[in-house]
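J.: Mind looking at a prediction? Sequence and model below.
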Amino acid sequence: MAAPGFPLGRRAVGWNQNQGVGMRRVLVVGGGSAGWLTACVLAAELGGPDGVKVALVESPDVPTIGVGEGTWPSMRDTLRGIGIGESEFMRDCDAAFKQGSKFVAWADADPAQQYYHPFALPHGYTECNLAAGWAARGGREGYADLVSAQPAVCESGLGPKQFATPEYAAVANYGYHLDAAKLGLLLRRHAIERLGVRHISDHVEEVIAREDGGIAALRTRTHGLLEADLFIDCTGLRALLIGQHFQVPKIDCGEVLFNDRALALQVDYASAQAPVACQTISTAQPHGWIWDIGLPTRRGLGHVYSSRDSSDDEAAARLLAYAERSGAAAVSLRGAPRQIRLEPGYRRDCWVHNCVAVGLAAGFVEPLEASSLVLVELAAASLAASFPTRREDMPLLARRFNEAFRYRWQRVIDFLKLHYAVSRREDSDYWRRHRDPASWTDALRELLPLWRRQPPSSHDFPRAQEIFPSASYQYVLYGMGQRPEPRGRRRSDEPERVEACFAEVSALRRRLLEGLPPHRELLDHIATRGLPRF
Ligand SMILES: Cc1cc2nc3c(=O)[nH]c(=O)nc-3n(C[C@H](O)[C@H](O)[C@H](O)COP(=O)(O)OP(=O)(O)OC[C@H]3O[C@@H](n4cnc5c(N)ncnc54)[C@H](O)[C@@H]3O)c2cc1C
């Protein structure tokens with residue numbers, strides 16, 4: 001059913017449907033992070049005086065979702081690619097560095113049980129079987145602590161680079177924590193002023209369809225008809241084009257990932273000098289988990305939970321208790337938590353006719369491991385790289401795009417479910433249901449028994465561009481307490497080489513702990529002096 005005020009498309013009159021027509025005009029609908037990122041990537045790659053014309057229409061009446069504060073390291077390439085300097089980005093978006101995620105109380109309900117999923121690949125990962133070497137030591141140290149220096153860097157409150165490290169270069173791999181609203185403003189300014197994107201502030205009211213089923217134009221409240229060759233649906237959870245107009249069904253994953261509510265809250269630091277965490281802290285709760293993200297001027301907290309298992313009041317009480325326990329005095333809480341409803345799932349097809357859905361319109365499962373903006377980056381990069389110059393190329397490109405994104409969404413779901421499936425928490429039905437193989441994905445039902453006998457490897461994930469590599473599975477699986485069973489001797493298990501890798505990690509750790517500045521000092525330095533240009 002079409003939403004009120006957004007009728008299903010009528011047939012357009014006089015639209016030129018000739019095959020072989022060039023693709024010159026892109027209209028992005030929606031001005032959240034997804035819309036502006038996509039517009040910037042397309043304009044930077046395809047724009048220019050004789051290039052593709054990119055316009056973006058956003059409704060003055062519909063706010064952006066206003067959350068989405070954790071990115072992957074890929075954001076560095078995206079920002080550099082669209083021509084935004086890192087110092088400018090960090091100042092304008094109140095951004096901090098993120099070196100990975102720390103998981104607290106996921107394996108069991110004891111808060112002392114913690115592990116890291118750092119952004120750095122395990123040292124020596126492609127050369128030898130580190131998991132076997134870690135298990136041979138009895139698994140006394142945390143797996144991530146043994147194979148990567150990054151957990152120690154985060155625990156010591158250090159940043160991932162030095163004052164003199166150029167923009168976007170890293171000593172330790174990193175992404176960002178940022179203010180989502182400020183990111184939107186920076187991207188908007190950059191797109192309009194430097195990349196020539198036309199900005200239209202208007203509410204889209206109707207889709208005008210072509211004879212062949214594609215979109216001819218969008219009728220807006222005050223600017224009349226907006227025509228284009230390609231329409232990018234970035235209208236968030238409303239999914240005006242892909243959902244309401246084309247009625248593309250969503251693949252629901254609520255039976256696998258149970259969280260369907262989020263409460264978001266901003267809190268102040270106790271003092272302006274308080275340390276800024278360089279990792280997302282994710283603390284498991286009886287019916288979900290709480291995120292804790294440090295920006296230079298405030299923290300962003302949120303509780304993601306299942307409404308079947310927890311009332312909203314109970315979730316809010318847990319979030320406020322967490323805020324106070326973790327150093328945010330009641331007086332510095334910024335307003336009441338804001339509730340967001342989630343319907344975990346993704347569109348079966350994101351590209352239909354001449355419409356491509358990107359961002360929340362394409363799908364959203366849950367914020368664990370911050371995989372949403374990276375999917376936006378991938379979609380925008382893929383569109384820019386294989387932008388259809390002629391309309392007849394679209395069916396092939398659409399089919400490839402849809403296959404790639406169905407695969408990616410499914411791998412995201414597998415990986416997020418892993419965090420829950422191997423937990424030993426017994427404190428609620430929520431965790432018991434997560435552990436029940438009946439709620440697992442097919443891939444996990446197949447692979448988890450195999451991974452008791454051999455470590456996750458790249459052979460389990462055959463695509464060249466995997467969204468979560470096998471190393472990420474190892475970090476979570478072994479962080480959660482699983483141990484690989486001993487197996488017959490293999491050359492890659494060679495203890496001398498594995499031990500040499502562990503020793504190299506120790507040496508690197510010492511160097512980094514001596515050489516990297518405190519995260520807060522690095523952020524202050526960037527705010528006042530900036531980083532050297534790349
Ligand atoms: C609780 C939560 C936590 C999250 N955390 C993370 C995270 O840590 N990391 C991460 O990568 N992602 C995260 N995400 C996802 C992230 O927020 C989104 O991927 C990102 O913000 C992109 O949103 P969007 O641009 O698709 O939609 P929105 O921000 O909702 O933007 C929608 C746009 O569409 C416009 N619009 C709607 N209707 C119309 C109309 N009729 N006419 C014209 N314009 C219209 C609106 O005006 C708005 O500009 C999180 C999401 C949630 C819900």
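T.: Sure, I can see it. Numbers count the residues shown, from 1 in each chain.

J.: can you list the residues of the stretch 251-400 of the chain near the ligand?
T.: Neighbours of the ligand within the stretch 251-400 of the chain, by Cβ under 6 Å from any ligand atom: 262, 264, 302, 340, 359-361, 367, 370, 372-373, 376. C-beta: built from backbone N, CA, C; applies to glycine.

J.: State the distance from the closest residue to the ligand within the stretch 201-350 of the chain to residue 361.
T.: Per Cβ to the nearest ligand atom, the residue of the stretch 201-350 of the chain with the smallest distance to the ligand is residue 236, at 2.6 Å. Distance of residue 236 to residue 361, computed by Cβ to Cβ, to the nearest Å: 6 Å.

J.: Of these two, give the one with the bigger neighbour count.
T.: Taking other Cβ atoms under 10 Å, residue 236 and residue 361 do not tie; residue 361 has more neighbours (30 against 21).

J.: Name the nearest residue to that one, ignoring sequence neighbours.
T.: residue 239 (4.1 Å; Cβ to Cβ, 6 or more residues apart in numbering).

J.: Please verify my assumption that that neighbour contacts residue 363.
T.: No - when contacts are counted by Cβ atoms under 8 Å, residue 239 is not listed as touching residue 363 (9.1 Å).

J.: The two: which is more packed in?
T.: Between residue 239 and residue 363, counted using other Cβ under 10 Å, residue 363 has the larger neighbour count: 27 against 24.

J.: any idea which element the residue nearest to the more buried one when sequence neighbours are not counted lies in?
T.: Leaving aside its chain neighbours, residue 363 sits nearest to residue 346 (2.8 Å; criterion: Cβ to Cβ, 6+ apart). Per DSSP states H and E, residue 346 falls inside strand 345-347.

J.: Residue 317 sits in which helix or strand?
T.: helix 312-325.

J.: Could you do residue 383 as well?
T.: helix 372-385.

J.: Show me what that helix is packed against.
T.: helix 33-46, helix 74-82, helix 394-421 (3 or more Cβ pairs under 8 Å, 6 or more residues apart in numbering; DSSP states H and E).

J.: if we go to 10 Å?
T.: Counting contacts by 3 or more Cβ pairs under 10 Å, 6 or more residues apart in numbering; DSSP states H and E, helix 372-385 packs against helix 33-46, helix 74-82, strand 175-177, strand 230-233, strand 351-352, strand 355-357, strand 363-364, helix 394-421.

J.: Quick one, which of the ones you listed gets closest to residue 68.
T.: Comparing these by their distance to residue 68 (Cβ to Cβ), the top pick is helix 33-46, with 5.8 Å.

J.: what about the closest one and the ligand, touching?
T.: Yes - using Cβ under 6 Å from any ligand atom, helix 33-46 reaches the ligand at 33-35.

J.: Just checking the distance from that helix to the centre of its chain.
T.: Its chain's average C-alpha position is 17 Å from that of helix 33-46, according to Cα atoms, centre = their mean, to the nearest Å.

J.: so where is the stretch 151-300 of the chain shaky, pLDDT-wise?
T.: Applying pLDDT under 70 to the stretch 151-300 of the chain picks out no residues at all.

J.: one more time with 90, if that's ok
T.: For the stretch 151-300 of the chain, the stretches flagged by pLDDT under 90 are 270-272.

J.: could you check the angle helix 33-46 makes with the helix or strand where residue 187 lies?
T.: Residue 187 belongs to helix 180-193 when assigned by DSSP H and E. Comparing the axes of helix 180-193 and helix 33-46 via axes from the mean of the first three to the mean of the last three Cα atoms, to 10 degrees yields an angle of 30 degrees.
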